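Asks: generate a structure from the sequence data that follows.
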Amino acid sequence: MRIAHVRERNGPAGAPWRLVAAPIGGDSWLDLEPARRRLNAADPRRAHNSTLFRQPITTMDEVLARGLRIEALGELLEGFGGRADALDSEDDAVLAAANLAFGPPVLRPPSFRDFYAFEQHVATMWGRRGSEIPEAWFRLPIFYFSNVSELRGPGDPVWAPRGSTELDFELEVGAIVDTSAYNLTDEQAAEAIGGYLIVNDWSARDLQRDESTVRLGPAKGKDFALTIGPWIVTPDELADRWPAGATAPDLTMTATVTGADGRVTEVSRGSWSIARYTFGQMLARASADVHVRPGDLLGSGTVGTGCLLEVKGATLGRWLEPGDTVRLEIERLGVLETPIVARGAT
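Replies: Got it, this is the predicted structure:
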């Protein structure tokens, strides 16, 4: 199942986001609040038997605040057939993807912890400093906290922050926690993850380079934008691509940049399956002596080759510029596109 926030492309300005769901592979989306009302009308016992049916469904944030887990929304989809070919396009609760604009699949995440799970990327970063990967990286899932106030969704523009000319993308997998977590084991933590999505953890490399000399951690080089989307995919949809013993599903991750001249350059290609740590291990580390809350986001860190800092010379040959479009794709998780604009252009 996929879950997303949408608005109608030609709807009134400022219209609220609507929470929708769809099976993998379908082009139609079920508007969950009209679906809830319809199913309640068909069987009033639903509201008595399930908290899902007792209150209006507005956003993912509201669903999580009520203590519901993401998988619970599947009951609404199942009520309308549950398959891509079962959603009736003539039904007023069914929306065509072509008519929709997608937003961040969680609107106000309480926090974002970004990890460092791909050895190729880590080795490249430390190699640029003339050093080996620190021994601690092989023992511990390491993360930093980033800023959630500058959240972007699919199609939302991004620009280089003040004082920067070295704008870079970072291709990552994201996970959303959908239940309270505290001092979890790896196995318990894996069960607390409600779904996965694409994350672009933008970087201003020149600002980051200056800040790194102080060795306090990322700051203005990282906190100006975070793009997520286009939707959340529940873990059951990835199970058949998860090899036995692997840390993650074998899903291809790619990044391309389309320049203002229309030229398309593939700058990254990797696989989620080569991550050193599982998201269960990452969340277990995050929850040690700390309450992790529903809606909190985790990032995998950059897949190997998944940023211009690693591969600029061999691919695009420059940093991102206004007029570019960055396209991140992860199998089964969708496509996340971002236009690059000049600062002050929006």
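
Asks: where in the chain is pLDDT low?
Replies: In the predicted model of the chain, residues 82-90, 346 satisfy pLDDT under 70.

Asks: okay, domains of it per the record?
Replies: 2-102, 112-339 (automatic domain parsing).

Asks: and the strands in the stretch 1-150 of the chain?
Replies: 2-8, 18-22, 28-31, 94-96, 100-102, 112-115, 143-145 (DSSP state E, counting those that start in this stretch).

Asks: ok, now which ones touch V177?
Replies: Counting by Cβ atoms under 8 Å, 6 or more residues apart in numbering, V177 touches 192-194, 283, 292-298. All C-beta spots, glycine's among them, are computed from the backbone N, C-alpha and C.

Asks: let's see it at 6 Å
Replies: Contacts of V177 were listed using Cβ atoms under 6 Å, 6 or more residues apart in numbering, and they are 192, 292, 296.

Asks: out of the residues you listed, which is most surrounded?
Replies: D296 (25 neighbours; other Cβ atoms under 10 Å).

Asks: the spatially closest residue to P56 that is not a sequence neighbour and P104, how far apart?
Replies: Excluding its sequence neighbours, the residue lying closest to P56 (Cβ to Cβ, 6 or more residues apart in numbering) is E33, at 5.7 Å. The gap separating E33 from P104 is 19 Å, by Cβ to Cβ, to the nearest Å.

Asks: the more surrounded of those two?
Replies: Under the criterion of other Cβ under 10 Å, the comparison of E33 against P104 puts P104 first, with 25 against 16.

Asks: my guess is that one meets G153, correct?
Replies: Yes. In this structure, P104 is within contact of G153 by Cβ atoms under 6 Å, at 4.0 Å.

Asks: what is in contact with these two at once?
Replies: What both P104 and G153 touch, as defined by Cβ under 6 Å, 6+ apart, is the set G229.

Asks: tell me where the protein has helices.
Replies: Here the chain has its helices, by DSSP state H, at 32-42, 45-49, 60-65, 74-79, 119-128, 186-191, 205-212, 279-286, 308-311.

Asks: looking at the ones you listed, which is buried most?
Replies: Mean neighbour counts were compared across those using mean count of other Cβ atoms under 10 Å; the top stretch is helix 279-286, at a mean of 24.

Asks: please name every helix or strand in contact with it.
Replies: With contacts defined as 3 or more Cβ pairs under 6 Å, 6 or more residues apart in numbering; DSSP states H and E, helix 279-286 has these neighbours: helix 186-191.

Asks: what comes into contact with the helix it packs on?
Replies: Residues from elsewhere that reach helix 186-191, judged by Cβ under 6 Å, 6+ apart: 280-281, 283-284.

Asks: which one among these gets closest to R269?
Replies: Nearest to R269 among the contacts of helix 186-191, counting by Cβ to Cβ, is Q281 at 24.9 Å.

Asks: was I right about the closest one contacting I142?
Replies: No. With contact defined as Cβ under 6 Å, Q281 and I142 do not form a contacting pair (11.4 Å).

Asks: out of the domains of the chain, which is closest to A345?
Replies: The closest of those to A345 is domain 112-339. By Cβ to Cβ, the value is 6.8 Å.

Asks: which parts of stretch 7-17 are buried?
Replies: Neighbour-count burial for stretch 7-17 flags 7, 17 (criterion: 16 or more other Cβ atoms under 10 Å).

Asks: what about it, how long is it end to end?
Replies: For stretch 7-17, the first-to-last residue distance is 6 Å (Cα to Cα, to the nearest Å).

Asks: and that stretch, how far out from the chain's middle?
Replies: Stretch 7-17 has its C-alpha centroid displaced from the chain centroid by 22 Å (Cα atoms, centre = their mean, to the nearest Å).

Asks: now swap in stretch 301-312 and tell me
Replies: Using Cα atoms, centre = their mean, the offset of stretch 301-312 from its chain centre is 17 Å.

Asks: quick revisit: tell me the one of the contacts of helix 186-191 nearest P339?
Replies: Using Cβ to Cβ, L283 comes nearest to P339 of the contacts of helix 186-191, at 32.5 Å.

Asks: for that closest one, which non-adjacent residue is spatially closest?
Replies: Closest residue in space to L283, ignoring its immediate chain neighbours: A189 at 3.7 Å, by Cβ to Cβ, 6+ apart.

Asks: please tell me how far that neighbour sits from G81.
Replies: For A189, the distance to G81 (Cβ to Cβ) stands at 33 Å.

Asks: with L308 instead?
Replies: For L308, the distance to G81 - Cβ to Cβ - is 44 Å.

Asks: now do the contacts for H291.
Replies: Applying Cβ under 6 Å, 6+ apart, the residues near H291 are Y182.

Asks: that one and L283: what is the separation?
Replies: H291 is 12 Å from L283, where distance means Cβ to Cβ.

Asks: next: L151.
Replies: Taking Cβ to Cβ, one finds L151 at 20 Å from L283.

Asks: now L64
Replies: 15 Å.

Asks: who does G270 bridge with?
Replies: Note on G270: beta-bridge partners by DSSP bridges are M253.

Asks: okay, now it: neighbour count?
Replies: Neighbours around G270, by other Cβ under 10 Å: 22.
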